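Q: coords please:
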Amino acid sequence: MATITKLQRQDGVVYKARVRRQGQPTLNRTFKTRSAAERWARKLESGLEQDDAGLTNEAQRHTVNEAITKYRTEVLPELRPETARKYAQHLDWWTPRLGRLRLSECNAAKIDACRDELVAAGKAPATVNRHLASLGSVLTAAVKRWHWLKVSPLREVEKRQENNGGTRYLSEDELQRLLAACRESASPDLYLAVLLSVTTGARQGEVLGLRWRDVDLTAGTVHLRVDNVTTTKGGIRSLPIVPQALTLLKDRHEAHKAQPQAVQALRDPELVFPSKVARTKPVSLRTPWETALKRAGITNLRWHDMRHSAASFLAKGGASLLEIGAVLGHKSTNTTKRYAHLTEQHTHALVLDMADKLLGGE
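A: Here you go, the predicted structure:
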């Protein structure tokens, strides 16, 4: 039941609207006019009646800020530390822009406007898309985990076109220099981690998050996992371990088993590359990596570029786009198309070879 009370204050007359519901706290708000107070009370009562009747859906009950807060508490701790850090930064950007909206009000048009704000601020297409991916992860959790949404509005938002023409690839000479510098590193982890990355095309997080349970030393295979709730990554794929890396892994595993049981208990889950500071966390190789790059005389190379380089070496070896996508764990063939130009030379050679065999010297 709503009541409107006229109040005389030093700065003039105001009208206080008060809505009482049995078993619920009293809600009130002050307005400058009676008509404004009455409209607020009617709207509030209508919403409460719909809620009582079960007509208010979860998307109307919860705000974007609630979803982000819940995501920070429940989902971020499950992600790799570096991924969680980046997602948290992006969500800091989204919160003041969309946080106050109810999930039912967070539509594609509003997300579009925020995306355009990033573009206007001069952010690179990849940066814009990473921001969208972080928000998308929250909305996906709202759909699949908490059932607050039926579908994510981000599905209707167009991403920025990323220019992959500047994708960095290691040359064979650069690779040899890099591996030599990694062997000389003071870090006992760097060389093996780099070797696994460039020979499997695995992401940095996949390699550093590797557990012994995912390494089959007898079969010489590794199971790469991506623990991510987004639809672009995830799942498990099995890849062979090159002999050079397999030997190092076997030596490392023997050293691991030789540790006292009390020490091994502290390593649960047993990471192949545990941090010396917190054994349950992956080691950080940022400083050793940057030092190795300087020693090798290599510039403008990110760890992730070794993934691109693996695709390049596969293409030069005659692998098809489908095969490259399978190795890298791409769910969409569109993702692998960035390497199409790398396979063209091999494809052209196949056509010419076929024609030469069929037509002879004609």
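Q: Backbone torsions only: list them for residue 77.
A: Listed backbone geometry of residue 77 is phi -60, psi -20, with angles given as degrees, to the nearest 10.
Q: How about the contacts made by it?
A: For residue 77, the set of contacting residues under the criterion of CB atoms under 8 Å, 6 or more residues apart in numbering consists of residue 84. Backbone N, C-alpha and C define where each C-beta goes, glycine included.
Q: give me the number of residues near residue 157?
A: Here the count is done by other CB atoms under 10 Å, and residue 157 has 18 residues near it.
Q: should've said residue 158
A: Other residues lying near residue 158 total 9 when counted by other CB under 10 Å.
Q: can you check residue 245 too?
A: Residue 245 has 22 nearby residues by other CB under 10 Å.
Q: What mean pLDDT does the helix or strand hosting residue 60 get?
A: Taking DSSP states H and E as the criterion, residue 60 maps to helix 58-61. Summarised as a single mean, pLDDT over helix 58-61 is 86.
Q: what distance separates that helix from the centre of its chain?
A: What separates the centre of helix 58-61 from the centre of its chain is 26 Å, taken as CA atoms, centre = their mean, to the nearest Å.
Q: what's in contact with that helix?
A: Taking CB under 8 Å, 6+ apart as the criterion, the residues outside helix 58-61 that touch it are 102, 103, 104, 146, 147, 148, 149, 150.
Q: Find the nearest non-adjacent residue to the second one, please.
A: Setting aside the residues directly before and after it, residue 103 is nearest to residue 59 in space (CB to CB, 6 or more residues apart in numbering), at 4.2 Å.
Q: what does the fourth one give?
A: Spatial nearest neighbour of residue 146, chain neighbours left out: residue 70 (6.9 Å); criterion: CB to CB, 6+ apart.
Q: tally of neighbours for the one you found?
A: Residues near residue 70, counting by other CB under 10 Å, number 17.
Q: you'd agree residue 76 is up against residue 88?
A: Yes: counting by CB atoms under 8 Å, residue 76 does reach residue 88; the two are 6.3 Å apart.
Q: pLDDT below threshold where in the protein?
A: Applying pLDDT under 70 to the chain flags residues 1, 21-25, 46-56, 163-166, 225-235, 260-269, 321, 331-362.
Q: residue ranges for the strands of it, please.
A: The residue ranges that make up the strands of the chain, judged by DSSP state E, are 2-9, 12-19, 27-31, 215-216, 221-226, 235-240.
Q: coming back round to it: only the buried residues of the helix holding residue 60, if you could.
A: By neighbour count, and taking 16 or more other CB atoms under 10 Å as the criterion, the buried residues in helix 58-61 are 59, 60.
Q: cool, and stretch 66-75?
A: Of all the residues in stretch 66-75, those buried under the rule 16+ other CB under 10 Å are 66, 67, 68, 70, 71, 72, 75.
Q: picking that back up, and the gap between the residue nearest to residue 103 and residue 8?
A: Applying CB to CB, to the nearest Å, the value for residue 59 to residue 8 is 42 Å.
Q: Check residue 81 too.
A: Residue 81 is 59 Å from residue 8, where distance means CB to CB.
Q: Pull the number of nearby residues for residue 297.
A: 10.
Q: Quick one: residues contacting the nearest residue to it once chain neighbours are set aside.
A: Distances taken as CB to CB, 6+ apart place residue 177 nearest to residue 297, at 6.6 Å, with adjacent residues excluded. By CB under 8 Å, 6+ apart, residue 177 lies in contact with 296, 297, 298.
Q: so how far is residue 160 from residue 177?
A: Using CB to CB, one obtains 34 Å as the distance from residue 177 to residue 160.
Q: picking that back up, so residue 81 and residue 8 - more neighbours on which side?
A: For residue 81 against residue 8, the residue with the higher neighbour count under other CB under 10 Å is residue 81, and the figures read 17 against 7.
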